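Chemist: okay, predicted coordinates and the sequence, questions at the end:
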Amino acid sequence: MNKIQQLIRKLPKAELHLHIEGSFEPELMFAIAKRNNIDLPHDSVESLRATYEFNNLQEFLDIYYQGVNVLQTEQDYYDLTWAYLLKAQADNVVHTEIMFDPQSHTERGISVDTAINGIHRALLDGQAKLGISSFLIFSLLRHLSEEECLETLELAIPHLDKIKAIGLDSSEMDHPPEKFTKLYKRAEELGLLKVAHAGEEGPPAYVWSAIDVLNIDRIDHGNRCLEDDKLVEHIKQKNLTLTVCPLSNLKLQVVSDIKQHPIKTMLDKGLNAMINSDDPAYFGGYVNDNFFAVADALDLSEEDIVQLVKNSFTGSFLTESQIQEHLSQIDKLL
């Protein structure tokens, strides 16, 4: 292990872009399917894992939603979340902000209560037993109508004490942020912070409108902002963090080669970019795997790694005093 890899392992970090359904490893999916008497169209973990190969975002989403179908009970959601938290702990993640897609569950007749209560119980245990603090992001599906999303958001009201922010994910193309203006206004009324996927597949214009129309507090992905110098300056002026996901970008062909990944360019331009795993079971690795991949491919310096890790905390929804405590801890380890 080289010095950069040792530094990555040593430093505590936050993860801010993680879809809990995307951390569903084949072994756990098989176990939960068996517990719930659900037949999977695969006769082994190996044949199931082989399907985790795809060529674009839509193919991935098709596989992703198939996997979600086995989640039925509060315990299933607990087990899924707990499995992720153990992976996070192994990568020295000490704070995580987890997205879940309520509509992937409600459309199957699973209540929002079942999903949130299972996830939340695991997050509480993560704090108590693993020392990992966390927030939950209620992430809605942009390929559905705004009306459907508004109806689902209302189901979150009894759980507002467990939810920190609203998010927007799924297929980006042809579903611009402007489609969800009322949704984000309603989220604001409910006291939720706001994030949204923008500039992964979608053009820089989608990033502009996520910022200026939806008034988001953080940009998920944001890769294509680099095509617009004025947008880069706008993001810097707003002090917005970009939650970047390198292995996801490679797997979904946002970049064709990890050596072309823009994370170093983002840092060099003074953007608050940081590293996440997105859907790690499907995209080939958790947080440290993403750090290792770009550190090697882009020849990142120790200063780059420290900046990325610090950005993970300054971009979080922790209080300012909590953020400063984490930054101080990092400085002590250097």
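Modeler: Arrived safely.
Chemist: mind checking which helix or strand A273 is in?
Modeler: Per DSSP states H and E, A273 falls inside strand 272-275.
Chemist: can you list the strands that that strand pairs with?
Modeler: Strand pairing for strand 272-275, determined by DSSP bridges: strand 241-244 (parallel).
Chemist: buried residues, the partner strand. List them.
Modeler: Applying a neighbour-count criterion of 16 or more other C-beta atoms under 10 Å, one finds 241-244 buried in strand 241-244. Yep, even glycine has a C-beta here, placed from its N, CA and C like the rest.
Chemist: so which pair among those is furthest apart in space?
Modeler: Across the buried residues of strand 241-244, the longest distance by C-beta to C-beta is 9.5 Å; it joins T241 and V244.
Chemist: now do the shared contacts for the two.
Modeler: With contacts defined as C-beta atoms under 8 Å, 6 or more residues apart in numbering, the residues shared by T241 and V244 are 273-274.
Chemist: before we move on, back to that, ok, so of the buried residues of strand 241-244, who is nearest V195?
Modeler: Proximity of those to V195 (C-beta to C-beta) peaks at T243, which lies at 7.7 Å.
Chemist: who's that closest one bridged to?
Modeler: The partner residues for T243, given DSSP bridges, come to D220, M274.
Chemist: wait, it sits on I216?
Modeler: No - counting by C-beta atoms under 8 Å, T243 does not reach I216; the two are 11.2 Å apart.
Chemist: residues shared between the contacts of these two?
Modeler: V195.
Chemist: ok now the host helix or strand of D296, how far from the chain's centre?
Modeler: When elements are assigned from DSSP H and E, D296 belongs to helix 287-297. Distance, stretch centre to chain centre, for helix 287-297: 17 Å (C-alpha atoms, centre = their mean, to the nearest Å).
Chemist: in it, what's buried?
Modeler: Applying 16+ other C-beta under 10 Å to helix 287-297 flags 287-295, 297 as buried.
Chemist: stretch 211-225 now?
Modeler: 211, 213-214, 216-225.
Chemist: using CSV, list the CA coordinates for it.
Modeler: C-alpha atoms of stretch 211-225 as CSV (Å, rounded to 0.1, in the frame of the first residue of the first chain):
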residue,chain,number,x,y,z
ILE,A,211,-29.6,26.2,-8.2
ASP,A,212,-31.7,29.1,-9.2
VAL,A,213,-35.2,27.6,-9.5
LEU,A,214,-35.1,24.8,-6.9
ASN,A,215,-32.8,26.8,-4.6
ILE,A,216,-30.8,23.7,-3.7
ASP,A,217,-28.3,23.5,-0.8
ARG,A,218,-26.0,21.0,-2.5
ILE,A,219,-25.5,19.6,-6.0
ASP,A,220,-25.5,15.8,-6.5
HIS,A,221,-23.0,15.0,-9.3
GLY,A,222,-22.6,18.3,-11.1
ASN,A,223,-19.9,17.0,-13.6
ARG,A,224,-21.2,19.0,-16.5
CYS,A,225,-20.9,22.3,-14.8
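Chemist: need the strands for the stretch 51-200 of the chain, in chain order.
Modeler: Secondary structure of the stretch 51-200 of the chain, counting by DSSP state E, counting those that start in this stretch: strands at 93-100, 133-141, 165-169, 193-198.
Chemist: report the spatially nearest residue to D304, omitting neighbours in sequence.
Modeler: L267 (5.9 Å; C-beta to C-beta, 6 or more residues apart in numbering).
Chemist: rewinding a little: what does the helix holding D296 contact?
Modeler: 4-5, 8-9, 13, 15, 88, 91-93, 245-247, 250, 257-259, 261, 263-264, 275-277, 280, 285, 300, 304-305, 308.
Chemist: thank you kindly, that will do.
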